[in-house]
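**Q** Generate coordinates for the sequence data below:
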Amino acid sequence: MAVDLSSRLRAIVRATPRRELTYEPDTGRFEASIDLDRVAAILGGQPVTTSFGHCLTIDRRYESDRWHGDVQIGDCDLDDCGALRLLDPSLPLPDANGPRTVFIDLETTGLSGGAGTVAFLVGCGFFDLGAFQVRQFLLTSYASERALLSALTEFFGGTDLIVTYNGKTFDVPVMETRWLFHRLPMPDFSQDVPHFDMLHPARRLWSSRMPGDSGTVAGCRLTALERDVLGFRRIGDVSGVEIPGRFFQFLRTGDPRPLEPVLEHNRLDLVSLAAVTGHALRLARSGDAACRDGAEALALGRVLERAQVFDRAEACYRRATEASSAEVKGEAWYRLGLRCRRDRRFAEAAVAWRAIVGLTESAARGRHPGMPELRQFAVEALAIHHEHRDRDLDVARELALFALNGDPPAPARVESLRHRLARLDRKIARRRTAPLFS
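**A** The predicted model follows:
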């Protein structure tokens, strides 16, 4: 019976004609009649014809001598993609010399993701003879999405590197979903082209500078980095919450004017992405000399150490020890001490541990978050140094006793310190009873 039922089901499936799974809304009911030439004239764009219909592109050019905050556009060109490996060691380098790099930023109908989210504006930026060229692909009706995707596929041909901001989590998956949804071939960048997501290096370099930030996307927004890193402030920028509504208004009325602030918002995102990426590359190439302050030097040191560029990371840590912030100085001495200890430069490591003890001496500084634990670590590290390197058992015992009776250590450390004290007491006793001459 089961076999007969299975056979009948297979027969039904074979007999059912396949339906195309793409979705094209009833434009007669939900969308106004769009005059593409009129929209292009108002927005300063150009209609593009593909085998699937028409879409609209808008081009803007930012010359190399134009300023974006405190930086010039010409200084943002990614002329040394090898330095990107310092910011993201897992990034495969492009094979081409002078690779074609494309910056990507989307404006969508929502942020929830999934098949219902449509990218109605795809902004692409690239450097051309020192200038930054922005090309935006605008969806003028849901029915023309295939045309937009087809135009994008042609545009991305020959791309050697893409750069996004949170694109690995949002932008690229959204675009891949749309190509799959329409059963269209995807560009090579979805699999074979290296993808550099600037969000993750930005978190490592600047998240501690953002007010209230804890390394989250909200605290490392591109607009926040514009102000802090580039010295650029937007005037009259449209809120991200309004952007989907403006697109829906355009579809209902056919009036493209509400989209003009959205286009400008997207262009500024692309220019800022290129500028922030260029600034991060200058930091990675120049090291501590390019850092504005100790906090940035400390963050860059962590990034360079992660990339195993240890000498330049150490230089950044030494620069950070001159910071005014006790937290920054404390972590800088800590990382510097660890670096010296790994290189078996034990005397230099001891200098770092003593600096931490001196930094955390006062009760006021000791109340800074993390300072008691840092002080505990440094005192115990000094005890180890005096026991095994300097062979000064009395000082080592005094330090171990101080670590045990000072700031309350973690329970696991209490047992370790008691074991150390007992061992030191035995060593000191043997030394006192040892004969003067053997």
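
**Q** who does the one helix or strand Gln136 maps to pair up with?
**A** For Gln136, the host element (DSSP states H and E) is strand 131-138. Sheet pairing of strand 131-138 (DSSP bridges) gives strand 53-62 (antiparallel), strand 119-128 (antiparallel).

**Q** ok, the closest residue to Arg209 other than its chain neighbours to Ala202 distance?
**A** Spatially, and ignoring its direct neighbours in sequence, Arg209 is nearest to Asp228 (5.7 Å; CB to CB, 6 or more residues apart in numbering). The way it works is simple: take the backbone N, C-alpha and C, and place the C-beta from them, glycine included. Relative to Ala202, Asp228 is positioned 10 Å away (CB to CB, to the nearest Å).

**Q** For those two, indicate the residue with more neighbours.
**A** More crowded of Asp228 and Ala202, by other CB atoms under 10 Å: Ala202, with 24 against 13.

**Q** Count the neighbours of the closest residue to the more buried one other than its chain neighbours for me.
**A** Counting by CB to CB, 6+ apart, the nearest residue to Ala202 once its immediate chain neighbours are dropped is Cys220, at 5.3 Å. Using other CB under 10 Å, Cys220 is surrounded by 24 other residues.

**Q** was I right about Cys220 contacting Arg204?
**A** No: counting by CB atoms under 8 Å, Cys220 sits too far from Arg204 to count as a contact (9.7 Å).

**Q** who touches both of the two?
**A** By CB atoms under 8 Å, 6 or more residues apart in numbering, Cys220 and Arg204 have no common neighbours.

**Q** thinking again about what came up before, let me know whether the residue nearest to Arg209 touches Ser207 as I believe.
**A** No: with contacts counted by CB under 8 Å, Asp228 stays clear of Ser207, the gap being 10.9 Å.

**Q** Would you confirm that Phe196 contacts Ile162?
**A** Yes: the criterion here is CB under 8 Å, and Phe196 meets it with Ile162 at 7.2 Å.

**Q** Are there residues contacting both of those two? Which ones?
**A** With CB under 8 Å, 6+ apart as the test, Phe196 and Ile162 reach no residue in common.

**Q** Look up phi and psi at Ile162.
**A** Torsion angles at Ile162 (phi, psi; degrees, to the nearest 10) stand at phi -120, psi 150.

**Q** what's the answer for Met198, then?
**A** phi -70, psi -20.

**Q** Got the domain ranges for the protein?
**A** 27-284, 321-432 (automatic domain parsing).

**Q** Do a quick rundown of the strands in the stretch 51-200 of the chain.
**A** Remark: strands assigned in the stretch 51-200 of the chain by DSSP state E, counting those that start in this stretch are 53-62, 67-68, 71-72, 101-108, 119-128, 131-138, 161-164, 195-197.

**Q** Out of those, which is closest to Arg339?
**A** Taking CB to CB, strand 195-197 is the member of the strands of the stretch 51-200 of the chain nearest to Arg339, at 27.2 Å.

**Q** Name the stretch among the strands paired with strand 131-138 that sits most buried.
**A** Among the strands paired with strand 131-138, strand 119-128 has the highest mean neighbour count (mean count of other CB atoms under 10 Å), at a mean of 22.

**Q** Can I get that one as PDB, trimmed to CA atoms?
**A** Provided in PDB are the C-alpha atoms of strand 119-128 (Å, rounded to 0.1, in the frame of the first residue of the first chain):
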ATOM      1  CA  ALA A 119      17.300  46.400  -2.200                       C
ATOM      2  CA  PHE A 120      15.700  49.300  -4.100                       C
ATOM      3  CA  LEU A 121      19.000  51.300  -4.200                       C
ATOM      4  CA  VAL A 122      22.400  49.700  -4.700                       C
ATOM      5  CA  GLY A 123      25.200  52.200  -4.400                       C
ATOM      6  CA  CYS A 124      28.600  51.400  -5.900                       C
ATOM      7  CA  GLY A 125      31.700  53.400  -5.500                       C
ATOM      8  CA  PHE A 126      35.100  53.100  -7.200                       C
ATOM      9  CA  PHE A 127      38.200  55.200  -7.700                       C
ATOM     10  CA  ASP A 128      38.900  56.500 -11.200                       C
END
